[in-house]
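Peer 1: Got a sequence here, can you model it:
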Amino acid sequence: MQTFIRHLLGRASLPCLLCAALVVPGAVAAQESASRALPAQPLTTGKWYLTFSPYMHHWYHKTEHENVWLLGIERYDADNSVMGFSYFRNSYGDPTIYAYPWGQAYPNFLGVEKLTAKWSAGLLYGYVGEWKDKVPLNHNGFSPAIIPALSWKLGNGYEAQVALPSFNLMFQLQIPLSNFAR
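Peer 2: So this is what the prediction gives:
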């Protein structure tokens, strides 16, 4: 427990706390403003996306960090709920999965038509061995995760997304699977 508390109070938690301080009030304000000024429109109805990330920026780079890449699939429902599954190589070179049955998207975030804020929550598996203490609440490689993200609609349904996992920035591209059916 002391290790977990030290992790939360460590300097790496400062960016996360700042992001939370900015995103949470903004999400509440966006929800209120969307219900008044811009009627909430679903992003899609049961639309699937392929997610790809070639790079993650570490705020606190360490020599043991390796390049992170991600490949995933994500579904948006009519009520803007989000769920998905990702397979990635974590910062220490280990294969890792993230399954997230819970999430929510907030289109027209802060009144900006192309901007969407979202969060996902689920379970990580892959931080094992010497890296087991690199994520909080890890038990035999399994740990809970909540990941906020911002995305920008590009065109043809594509979205550029920045996710904020574990105090870092992951740059992602989301491609609608319907584009492959053409």
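
Peer 1: who's in contact with stretch 139-149?
Peer 2: With contacts defined as CB atoms under 8 Å, 6 or more residues apart in numbering, stretch 139-149 is touched by 19-20, 23, 98, 100, 117-128, 132, 135-137, 161-165, 172. C-betas here are computed from N, CA, C, even on glycine.

Peer 1: pull the CA atoms of stretch 81-101 into CSV?
Peer 2: C-alpha atoms of stretch 81-101 as CSV (Å, rounded to 0.1, in the frame of the first residue of the first chain):
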residue,chain,number,x,y,z
SER,A,81,-21.0,4.8,-25.1
VAL,A,82,-17.6,3.4,-26.1
MET,A,83,-16.1,-0.1,-25.7
GLY,A,84,-13.1,-1.8,-27.2
PHE,A,85,-10.0,-4.0,-27.0
SER,A,86,-6.4,-3.1,-27.7
TYR,A,87,-3.2,-5.0,-28.0
PHE,A,88,0.0,-3.0,-27.6
ARG,A,89,3.7,-3.2,-26.7
ASN,A,90,4.1,-1.4,-23.4
SER,A,91,6.9,1.0,-22.5
TYR,A,92,9.0,-1.9,-21.3
GLY,A,93,8.7,-4.0,-24.5
ASP,A,94,6.1,-6.5,-23.1
PRO,A,95,2.9,-7.5,-25.0
THR,A,96,-0.1,-6.0,-23.2
ILE,A,97,-3.8,-6.0,-23.6
TYR,A,98,-6.5,-3.4,-22.6
ALA,A,99,-10.1,-4.6,-22.6
TYR,A,100,-12.6,-1.8,-21.9
PRO,A,101,-16.3,-2.5,-21.7
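
Peer 1: quick one on the thing from earlier: show me which of the contacts of stretch 139-149 are buried.
Peer 2: Neighbour-count burial (16 or more other CB atoms under 10 Å) applied to these gives 23, 98, 100, 117-120, 122, 124, 126-127, 135, 161, 163-165, 172.

Peer 1: Just those: which are in strands?
Peer 2: 98, 100, 117-120, 122, 124, 161, 163, 172 (DSSP state E).
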